[in-house]
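Student: need a 3D model of the sequence below.
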Amino acid sequence: MASVKQEYISLPLRLKTSDGVIGRLQNIYFISSCVITTVAKYYWYGPVVKAWDLRFHVITNILHRYLSESLPHDTPNKLSEKIDFAYIADYIDMNNLPARPLSPSIGHNEEYDIIVDAELCTAYELPQYGISGDKLNAMADDDRISAQKGQPRTISCQVVVGSQVSLCNSCKVPAGMHKQPKLMVPEPLYPDERIFFHFHGGAYCVGERSLTHIYVYAHTSSVSGLRVFSPNYRLAPRSCFPSQLHDCFLSYMDILRRGFKPENIILSGDSAGGALAVALLIILRDMHLPRPAGVVLISPWVDSTCSGASWATKMSLDYLPSFPLEDPFHPTRMFYAAGRRFSQEMLEELRCPLVSPIFGDLSNMPPMLIQMGRNELLHDDISEFAEKTKLHAENVVKLEAYDNMPHAFVLLDFTDAAQQAFASVNNFAREVFDGEKRMYN
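Tutor: Numbers count the residues shown, from 1 in each chain. Have a look, this model is predicted:
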């Protein structure tokens, strides 16, 4: 019997759907109208927050408009199954900022491939996490079978060195000022090399190879003198949960296999990447696997149900828009199960600690630095997560709230708050590494 072809609904999309001239003009109009409106409101009504200058307003308003209007968020929940999310994934990819290499004055970045061989695909011993644990094991099995057939999957990973770093004793100029191949190898440059291992944010849908994120890595590297590694995990809605977490787990295990010692690694993540970092820590703890020396979380999206009151009270202060979970284009929906209707059953699944770490056992975590903006929608979720972690903490848990700042404010690296946050990350890393035995066993 011939299979029935899936019929999809037509959606009103505001950004380009092809790379032609018309599509580019659509995006130019979209952005320019936002800039003109923002400038007019700024000079007519004044800044929304006194500490924000015009540049800050323009950038955050473009982000807000892109996130709130690029997809039709008024689409009913009942139409979820009739949306072509493969097409939506292409549309999102097409309208992302193009990836570019860092300029030499900022740093240098290169990619390498992680080969997902059978040895890397260990089984997940996580029966306590029900459906989520089962999904992870199914992915591990698929990767293992592919590897055994001689068709292993690969995961690309960024390695970034800031322009102020010189790890090569024979180098007479900073590493980022020229291409120094030795500094970009994905193995330790010396036996006890310390690194940051970072999971990027982007609501699980964007952020891969983002120049904005790579700038953050370069600044972190320059301030700390350490290299930064960051895997390009699969993105939603093309790949749903637990693809991202599985890729992050494999990437971390690969970095250990390459010779980096867990006591020399600071795990970090921003936004969705922060949630992935905590979920990874939970897996490593529960499976008795080597854990990193410390963790840095920047505006971590630890509750995918978005239950905190600040999702309503901070709406006028953050560039992030707030949508109901009934919206098929809510980032949570596209990440967890694109095309599946929202229901009470799904809500319960979203409360799994591997999806929303705030609902899990947060005991026995490594030393932790959490940074957030006081103006961000995730404020209350992050505050509650920090309190729960402190309640069961055996190590240092520090929460920093930056005045007047929105979500993942370090991406706005020109702000004083971002520079203070980078310096604080460096101080935290030094405390973790220099006082390692005292802080973490």
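
Student: where in this protein is the helix or strand with the lowest mean pLDDT?
Tutor: Counting by mean pLDDT, DSSP states H and E, the weakest-scoring helix or strand in the chain turns out to be helix 436-439, with a mean of 42.

Student: Pro191 versus Gly259, what's the distance?
Tutor: Relative to Pro191, Gly259 is positioned 8 Å away (CB to CB, to the nearest Å). Backbone N, C-alpha and C define where each C-beta goes, glycine included.

Student: ok, the two, which is more surrounded?
Tutor: Taking neighbours as other CB atoms under 10 Å, Gly259 and Pro191 compare with Gly259 leading, 11 against 8.

Student: check which helix or strand the residue lying closest to that one once chain neighbours are set aside maps to.
Tutor: In space, and not counting its chain neighbours, Gly259 is closest to Pro188: 4.9 Å by CB to CB, 6 or more residues apart in numbering. For Pro188, there is no enclosing helix or strand under DSSP states H and E.

Student: same question, Ser68
Tutor: Using DSSP H and E, Ser68 falls in helix 54-69.

Student: distance check, the residue nearest the centre of the chain against Lys82.
Tutor: In the chain, the C-alpha closest to the average C-alpha coordinate belongs to Gly201, at a distance of 2.0 Å (CA atoms, centre = their mean). Applying CB to CB, the value for Gly201 to Lys82 is 29 Å.

Student: which parts of the protein are strands?
Tutor: Secondary structure of the chain, counting by DSSP state E: strands at 107-116, 153-162, 195-199, 227-231, 265-270, 294-298, 368-373, 397-402.

Student: count of residues packed around the residue nearest to Gly259?
Tutor: For Pro188, the number of neighbouring residues by other CB under 10 Å comes to 17.

Student: isn't it up against Leu256?
Tutor: No - Pro188 sits out of contact with Leu256 when judged by CB atoms under 8 Å, with a separation of 10.9 Å.

Student: just the helices in this protein please.
Tutor: Taking DSSP state H, the helices of the chain run over residues 21-45, 54-69, 85-94, 130-148, 211-224, 243-257, 272-286, 310-313, 331-337, 344-350, 379-391, 416-434, 436-439.

Student: which residues touch the longest one?
Tutor: It stands for helix 21-45. 14-17, 54, 57-58, 61-62, 65-66, 94-95 (CB atoms under 8 Å, 6 or more residues apart in numbering).

Student: could these go into CSV alongside neighbour count and pLDDT?
Tutor: As requested, the contacts of helix 21-45 are arranged in CSV below (neighbours: other CB atoms under 10 Å; pLDDT from 0 to 100):
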residue, neighbour count, pLDDT
Arg14, 16, 89
Leu15, 17, 90
Lys16, 19, 89
Thr17, 16, 88
Leu54, 12, 95
His57, 19, 94
Val58, 16, 94
Asn61, 19, 94
Ile62, 16, 93
Arg65, 19, 94
Tyr66, 20, 93
Met94, 14, 90
Asn95, 19, 90
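
Student: from these, which is closest to Ala140?
Tutor: Using CB to CB, Met94 comes nearest to Ala140 of these, at 31.6 Å.

Student: who's in contact with that closest one?
Tutor: By CB under 8 Å, 6+ apart, the contact set of Met94 is Leu15, Lys16, Thr17, Ser18, Asp19, Gly23.

Student: how far away is the nearest residue in space to Thr122 that is not next to it in sequence from Ser146?
Tutor: Nearest non-adjacent residue to Thr122, counting by CB to CB, 6+ apart: Ala140, 7.0 Å away. Distance of Ala140 to Ser146, given as CB to CB: 11 Å.

Student: now do Phe409
Tutor: Counting by CB to CB, the separation of Phe409 from Ser146 is 40 Å.

Student: show me which of the two is the more surrounded one.
Tutor: Ranked by neighbour count (other CB under 10 Å), Phe409 and Ser146 place Phe409 first, with 27 against 16.

Student: excluding chain neighbours, what is closest to the more buried one?
Tutor: Spatial nearest neighbour of Phe409, excluding adjacent residues (CB to CB, 6+ apart): Gly373 at 4.8 Å.

Student: any idea of the pLDDT on the one you found?
Tutor: We have a pLDDT of 97 for Gly373.

Student: can you pull the domain assignment for this structure?
Tutor: Per automatic domain parsing, the domain ranges recorded for the chain read 21-76, 107-439.

Student: got the buried residues for stretch 35-54?
Tutor: Within stretch 35-54, the residues that count as buried by 16 or more other CB atoms under 10 Å are Thr38, Tyr42, Val48, Val49, Trp52.

Student: cool, and stretch 134-143?
Tutor: Of all the residues in stretch 134-143, those buried under the rule 16+ other CB under 10 Å are Lys135, Leu136, Asn137, Met139, Ala140, Asp143.

Student: contacting residues around it?
Tutor: 116, 120-124, 126, 152-153, 241-243, 245-246, 249-250, 354.

Student: export that stretch as PDB, just CAs?
Tutor: Output of stretch 134-143 as PDB, limited to C-alpha atoms (Å, rounded to 0.1, in the frame of the first residue of the first chain):
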ATOM      1  CA  ASP A 134      15.600   5.400  27.200                       C
ATOM      2  CA  LYS A 135      16.000   8.000  24.400                       C
ATOM      3  CA  LEU A 136      19.600   8.600  25.300                       C
ATOM      4  CA  ASN A 137      20.300   4.800  25.100                       C
ATOM      5  CA  ALA A 138      18.500   4.500  21.800                       C
ATOM      6  CA  MET A 139      20.800   7.200  20.400                       C
ATOM      7  CA  ALA A 140      23.900   5.600  21.800                       C
ATOM      8  CA  ASP A 141      22.800   2.300  20.200                       C
ATOM      9  CA  ASP A 142      22.200   3.900  16.800                       C
ATOM     10  CA  ASP A 143      25.700   5.500  16.900                       C
END
